[in-house]
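Participant: my questions concern the predicted model and sequence given below.
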Amino acid sequence: MYRHLERRLVDHLREFLRRTYDLEIANIVVEQPPQIEFGEYALPIAFELARKLRKAPRKIAEEIVAGVGAIPGFEKFEVAGGGYINVRVSRAELATALAADLSFAGRSSADRSSAANVPPGKVLVEHSSINPNKAAHIGHLRNAILGDTFVRLLRFAGREVDVQNYIDNTGVQVADVVVGFLHIEKKSRAQIEALAAAPRFDYLCWDLYARVSQWYEEDKSNLQARAATLRAIEEGNNETAAIADVISVAVLKRHLETMERLDTEYDFLPRESEILHLHFWDAAFTKLKEASVLAYENEGKNKGCWVMRRAGTSAKPLTTEDPSASPSASLGASAKAAGSEGTDEGEIAEGKITEEDQKVIVRSNGTVGYVGKDIAYHMWKFGLLGRDFGYRKFYRYPNAHDCWISTTDGEKDHPHFGDVAEIYNVIDARQSEAQNTVIEALRELGHGEAADRYTHFSYEMVALTPRCAAELGYNLSEEDKARPWIEVSGRKGFGVKADDLLDALIISAGKEVDVRHPELSEAERASIATQIAIGALRYFMLKFTKQSVIAFDFKDALSFEGDTGPYAQYAVVRASNIFRKGGFDPDAYCRDQASRVSTADFAKYLTGESGNDIWELWLAASKTSYIVSQCIATTEPAYLAKHAFQLAQLFSTFYHRYPILSEADEGRRKFLLTTAAVVRRELIRVLAAMGIGVPPVM
RNA sequence: GGGCCCGUAGCUCAAAUGGAAAGAGCAUCGGAUUUCUAAUCCGAGGGUUGCAGGUUCGAUUCCUGCCGGGCCUACCA
């Protein structure tokens, strides 16, 4: 609602400016006034126009207010301060529309969003991508929760989305655990298979992985075992590769189970083994050489390798007499000249990249590194490779949704994966350079459009506070104790496992539920505790903006009060309680003709002081689709968490201030009940987009 | 050395393309007519937004330089 009105406002204003001043303003800034009394929208446009029109901002604002005319849904334009234009919408009309939206409650979100505005084509979101050699930890949880929430946001906006989880099953990390079982534990294949079938095999691997790292430290010659194992795994069709497959598949299943606890599902699991065995790289390599994206290095430390320019570096002229010629500083002065010079500079160097700026794609022994495989994989994602995976069903979720996995020769009938219009890779900020190198490779291959639709959804890591590390029993150096946070390390076995954190959250929530609802069965209490735990965890991971390092601490993560998921869940539960006590069905309430509030009544109850109060709640409730589009445009789900919290907070105040069932005036009671029904509905939708369900009672 | 990111209340974090008095939560202190259950609400204290310049009508936000911290900078993935 809010979003549609804003668009209408901007369109009218743009047209007015064109007509009146002959000005074309592409981006008209719209804000919200600091106080609800001032209106719903604020336009600082007059300040921006002041210089162009050589007039005082206030004068311009007055002209706009006088001339813009009537816009459906809006009531009033006012000049405020030195030149702000405050805009008031028709509260009654907006409330009527928002209340009526409840009648579409049963429809899918795609029906709600205006289909015309949905961009064409499928979106591919890759997230999780956990090495299948040990248990998932809190860092992986942040990734999966960000990724899964982004998927939900895209679907909310009507996009068709494929969710992929890339599995590096042939890398050193898996090799290390194989080494551990074979060389340290001296296990046979049969014994490993038996262990892999036991519960929480990933925990066993977690510890073993740390011990292997230790074992390498003790005697560097032990590293030979890793090299030999890695080679055997990459080759395939041998005992070592078979053992690696047993391990990686078993751990992968554990990861899927862990993520399922968080209501996170995947559609397809592309594996590195198939990138290798189906020769994706060979196809990519040919194209990369043809397009001269790769250069063969004849000398220096990278002699014998195929290299690419590292992303973020630029070709520098050999003579730097003119400092203004540097590519980044040249745009303002003489963009045209700088553009041609830029290519000249590249040619002057004849594609020669300084050793420092070289990224090795193919090693001198002919094997391809991670970035090379990733380039091939991303060419596949955009349908540019000319090859495809084999597919087979791998994992079935309780809702009968199938998750597919790559194989060399798969089933005949399978969904069509890849070949998408847009991709988002949820990968932490440490891999920015590698991601940008892949994007550059696509661009240099001539696929600029694909490169533009490739988004590295970058976020910062989850680390532990020194206190948390101490609680977990790690001995810290004085230096570490003074740090704000300490990085998690799988190699050292240092971190908080995802399942452990979930278990701790469920136990903690369970204690509260047991006290509050002793009358419920154990199964009911467990189910509520689980929903609260997931709500707390998902909210916790989403409330921080992406670029903020989360310094993890059990105290904060286990909190259920204030700015938390359970707080928002509780607001919904309270709203439900009103209807239960009142004997109404909250979902059906606004659909019921008898309970419908007329536009005139909305106008009556949404004025005055208490009207302002309640209107603030309605306005917040109208913003969901606006917030969702902001989250998508900025790849920042944290705005959604903020929105959920604000909505819950406003509702809690409303709930406390206005007793509903005891309201004597029947018309007003209906209005208050409608308010509760609308907010409840919107809050449930917002929480659902965050992957958070709401328990029946709390 | 080079690249990217961060520095806001005691603590943890917000502040969309620069905009009206920089906001929450936690913690501390003080309250809430025994009511739609308090996992809640109300109130108080707490800030020269790391420092110094610059651009702008306007800077937490953009630019430059410092100070402090993190990550990346492998023929690992």
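Facilitator: That came through fine.

Participant: which element is A:L672 on?
Facilitator: helix A:666-689 (DSSP states H and E).

Participant: now do that helix, average pLDDT.
Facilitator: When pLDDT is averaged over helix A:666-689, the result is 95.

Participant: now swap in stretch A:388-404 and tell me
Facilitator: On average, stretch A:388-404 scores 97.

Participant: wait, what's in contact with the residue lying closest to A:A197 once chain neighbours are set aside?
Facilitator: Distances taken as C-beta to C-beta, 6 or more residues apart in numbering put A:A250 closest to A:A197, at 7.4 Å, once the chain neighbours are dropped. (Each C-beta comes from the backbone N, C-alpha and C, glycine too.) A:A250 is in contact with A:196-197, A:201-202, counting by C-beta atoms under 8 Å, 6 or more residues apart in numbering.

Participant: which pair of the residues you listed spans the longest distance?
Facilitator: Taking C-beta to C-beta, the two most distant members of the contacts of A:A250 are A:A197 and A:D202; they sit 12.6 Å apart.

Participant: anything in stretch A:662-673 near RNA strand B?
Facilitator: Yes - Stretch A:662-673 reaches RNA strand B (C-beta under 7 Å from any atom of the strand) through A:S662.

Participant: show me what counts as buried in that stretch.
Facilitator: Within stretch A:662-673, the residues scored as buried using 16 or more other C-beta atoms under 10 Å are A:668-673.

Participant: list the contacts of stretch A:644-652.
Facilitator: For stretch A:644-652, contacts defined as C-beta under 8 Å, 6+ apart pick out A:539, A:543, A:563, A:567-568, A:570-572, A:574-575, A:616-617, A:620-621, A:676, A:679, A:682-683, A:686-687, A:690.

Participant: after the lowest-mean-pLDDT helix or strand in chain A comes which helix or strand?
Facilitator: Between all helices and strands in chain A, the lowest mean by mean pLDDT, DSSP states H and E belongs to helix A:331-348, at a mean of 35. Sequence order places strand A:358-362 as the next helix or strand after helix A:331-348, per DSSP H and E.

Participant: please work out which residues outside that next one touch it.
Facilitator: Taking C-beta under 8 Å, 6+ apart as the rule, strand A:358-362 contacts A:285, A:288, A:294, A:297, A:302, A:305-311, A:368-369, A:371-372, A:375, A:437.

Participant: so it, near RNA strand B or not?
Facilitator: Yes - remark: strand A:358-362 sits within contact range of RNA strand B at A:V360, by C-beta under 7 Å from any atom of the strand.

Participant: and stretch A:292-300, how far apart are its ends?
Facilitator: 20 Å (C-alpha to C-alpha, to the nearest Å).

Participant: does RNA strand B have contacts with that stretch?
Facilitator: No - on the criterion C-beta under 7 Å from any atom of the strand, stretch A:292-300 is out of touch with RNA strand B, staying 8.2 Å away.

Participant: name the residues of the host helix or strand of A:L650 that are buried.
Facilitator: Take DSSP H and E as the rule and A:L650 turns out to sit in helix A:638-657. Residues of helix A:638-657 classed as buried: A:638-651, A:654-655 (neighbour count, 16+ other C-beta under 10 Å).

Participant: pull the CA atoms of the helix or strand harbouring A:Q191 into PDB?
Facilitator: Assignment of secondary structure by DSSP H and E places A:Q191 within helix A:189-197. The C-alpha coordinates for helix A:189-197 follow below in PDB (Å, rounded to 0.1, in the frame of the first residue of the first chain):
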ATOM      1  CA  ARG A 189      35.900 -48.700   4.500                       C
ATOM      2  CA  ALA A 190      33.300 -50.900   6.200                       C
ATOM      3  CA  GLN A 191      34.000 -49.300   9.500                       C
ATOM      4  CA  ILE A 192      33.800 -45.800   8.100                       C
ATOM      5  CA  GLU A 193      30.400 -46.700   6.500                       C
ATOM      6  CA  ALA A 194      29.100 -47.900   9.800                       C
ATOM      7  CA  LEU A 195      30.200 -44.700  11.600                       C
ATOM      8  CA  ALA A 196      28.800 -42.600   8.800                       C
ATOM      9  CA  ALA A 197      25.400 -44.200   9.400                       C
END
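
Participant: can you give the distance from the helix or strand just after it to the centre of its chain?
Facilitator: Downstream of helix A:189-197, the next assigned helix or strand under DSSP H and E is helix A:201-218. Offset of helix A:201-218 from its chain centre (C-alpha atoms, centre = their mean, to the nearest Å): 31 Å.

Participant: quick check: angle from helix A:201-218 to helix A:189-197?
Facilitator: 120 degrees (axes from the mean of the first three to the mean of the last three C-alpha atoms, to 10 degrees).

Participant: counting by contacts, list what helix A:201-218 packs against.
Facilitator: Other helices and strands packing on helix A:201-218, by 3 or more C-beta pairs under 8 Å, 6 or more residues apart in numbering; DSSP states H and E, are helix A:172-179, helix A:239-261.

Participant: residue ranges with poor pLDDT in the stretch 251-400 of chain A?
Facilitator: A:314-351 (pLDDT under 70).

Participant: who in it is up against RNA strand B?
Facilitator: Residues of the stretch 251-400 of chain A that fall close to RNA strand B, judged by C-beta under 7 Å from any atom of the strand: A:272, A:301-305, A:312-313, A:356, A:360, A:363-365, A:367, A:369-371, A:373.

Participant: what packs against the helix or strand hosting A:D499?
Facilitator: Assigned by DSSP H and E, A:D499 belongs to helix A:498-516. Applying 3+ C-beta pairs under 8 Å, 6+ apart, one finds that helix A:498-516 contacts helix A:138-156, helix A:239-261, helix A:522-543, helix A:554-557.

Participant: save these as JSON lines, and put in distance to A:H416 too.
Facilitator: Shown next, in JSON lines, are these (distance: least, C-beta to C-beta, whole Å):
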{"stretch": "helix A:138-156", "distance to A:H416": "18"}
{"stretch": "helix A:239-261", "distance to A:H416": "22"}
{"stretch": "helix A:522-543", "distance to A:H416": "30"}
{"stretch": "helix A:554-557", "distance to A:H416": "40"}
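
Participant: picking that back up, what does the helix holding A:Q191 rub up against?
Facilitator: Residues contacting helix A:189-197 (C-beta under 8 Å, 6+ apart): A:181, A:187, A:201, A:204, A:239, A:242-243, A:246-247, A:249-250.

Participant: chain center to it, what's the gap?
Facilitator: Relative to its chain's centre, helix A:189-197 lies at 36 Å (C-alpha atoms, centre = their mean).

Participant: show me which residues of that helix are buried.
Facilitator: A:192, A:195-196.

Participant: give me the three-state assignment for A:N133.
Facilitator: Following DSSP: H, G, I helix; E, B strand; the rest coil, the label given to A:N133 is coil.

Participant: now do stretch A:229-246: distance to the chain's middle.
Facilitator: 34 Å.

Participant: quick one: contacts for the residue nearest to A:N612 when sequence neighbours are not counted?
Facilitator: The spatial neighbour of A:N612 that comes closest, neighbours along the chain excluded (C-beta to C-beta, 6+ apart), is A:I36 at 5.4 Å. By C-beta under 8 Å, 6+ apart, A:I36 lies in contact with A:612, A:615-616, A:619.

Participant: taking those one by one, which sit in helices?
Facilitator: Taking DSSP state H, the ones among the contacts of A:I36 that sit in helices are A:612, A:615-616, A:619.

Participant: now the buried members of those residues.
Facilitator: Buried subset of those (neighbour count, 16+ other C-beta under 10 Å): A:615-616, A:619.

Participant: now render these as JSON lines, adding pLDDT.
Facilitator: Below are these laid out as JSON lines (pLDDT from 0 to 100):
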{"residue": "A:W615", "pLDDT": "95"}
{"residue": "A:E616", "pLDDT": "94"}
{"residue": "A:L619", "pLDDT": "95"}
